[in-house]
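1. Build me a model:
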Amino acid sequence: MDCTEQTESGLLAGRFRKGRKVGTGSFGDVFQGHDIIAKNEVAIKMELRQSKTFARELEILRHLQLMDNTICTPKLYYDGTQLNPGVRFFVMELLGQNLSDLHKSCGGTFTSPTVCKIAMELITRFEEVHEQGVVHRDVKPQNFLVGREKNDQRIYICDFGLSGRYIDENGNHILFQTGLKPIGTARYASMRVHRGYERSRRDDFEALAYVLVYFINGSLPWQGLKLKDRVHKWKIILAKKKDANVQDMCRGVPAVLEDFIIYCRAMRFNQRPKYEYWRKRFHDTFLSVYDGKEENFRYDWEADL
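-> Next up, the predicted model:
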């Protein structure tokens, strides 16, 4: 009997009522829930199968919240992993829709102003997370959420199940190594992750570049391939990424995206990304493509609100 069946008729920890499923993360399903004591809506992540990934996400969330509770990640409210070996869960802040669903609801493409604003937000999210010694390592549209409050234009980063530390216990950058099994989502992963190189801040940035191109174009050149299995998938997508012409991929979109891809691919293993520089580049591009006052800007998905 799985953990969802075991708790179907009761409350988790005597206070959390599990509602509808709202997402799936690394080795866990996310449900909307209700805290009957605090009387507020929450998100409940429940383990699908026993794994180190579930524990890692909890550990990373704790670390980020302890080090800087202003980071735009889901706030951790309750850890229920120690109550019962068969029911492992934790309770977080309930946020809004993810960028993948919003992208689909907008017809599969975002406009240039929206992509520039997303870029500025996510560069800031990575700066916040990286400054605490953490790399995300699974950058994809599903792992970015909007807020639930009206007029909250922040974009939150979630799902740290595959995340890791790039700073060791002595405060030093981890060492470069090869021969690692690729992790994350092949569509957006950096070419170095495909090659089995140790992950660092540059890989989050390169993955972000592909996400931004996907948002504005609606597709990437290495989608829709016939793939046999996981190993074949990572190998073939790497070949397509190597062969893809960056100029063609960015044809008809703001030039900043092409520059960003080239920069990300050239970064050194232990290099600190130029967060402020790229925020400014995307902000300058936003001002050049947005016809209106910045204070009146709405994301594409907010247009009809």
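
2. Give me the domain ranges for the chain.
-> Domains of the chain are assigned by automatic domain parsing as 17-93, 99-302.

3. Could you pull up the contacting residues of the residue lying closest to V146 once chain neighbours are set aside?
-> Spatial nearest neighbour of V146, excluding adjacent residues (CB to CB, 6 or more residues apart in numbering): G96 at 4.2 Å. Where you see a C-beta, it was placed from the backbone N, CA and C, and this is true even at glycine. Contacts for G96 (CB atoms under 8 Å, 6 or more residues apart in numbering) come out as 145-148.

4. Looking at those, state which has the most neighbours.
-> Neighbour counts for the contacts of G96 (other CB atoms under 10 Å) peak at L145, which has 26 neighbours.

5. what bridges to that one?
-> Beta-bridge partners for L145, by DSSP bridges, are N98, Y156.

6. From L162, how far out is K235?
-> As for K235, its distance to L162 is 20 Å (criterion: CB to CB, to the nearest Å).

7. which one of these two has more residues nearby?
-> Remark: of K235 and L162, L162 carries more neighbours, 22 against 15, as counted by other CB under 10 Å.

8. from what I can see that one touches V139, true?
-> No - using CB atoms under 8 Å, L162 is not in contact with V139; the gap is 9.9 Å.

9. So for those two, which residues contact both of them?
-> Common contacts of L162 and V139, defined by CB under 8 Å, 6+ apart, comprise G184.

10. wait, what's in contact with E41?
-> 32-35, 94.

11. Kindly list the main-chain dihedrals of W278?
-> phi -80, psi -30 (degrees, to the nearest 10).

12. D79 too?
-> Note on D79: its backbone torsions stand at phi -110, psi 110 [degrees, to the nearest 10].

13. Identify the bridge partners of it.
-> Counting by DSSP bridges, D79 forms beta bridges with F90.

14. Enumerate every residue touching it.
-> Going by CB under 8 Å, 6+ apart, D79 touches 58, 62, 90-91.

15. can you tell me which of the residues you listed lies nearest to T178?
-> Closest approach to T178 among the contacts of D79 (CB to CB): L58, at 29.5 Å.

16. Counting by contacts, list what the helix or strand containing the closest one packs against.
-> Assigned by DSSP states H and E, L58 belongs to helix 52-67. On a contact count with 3 or more CB pairs under 8 Å, 6 or more residues apart in numbering; DSSP states H and E, helix 52-67 meets strand 76-79, strand 89-93, strand 134-135.
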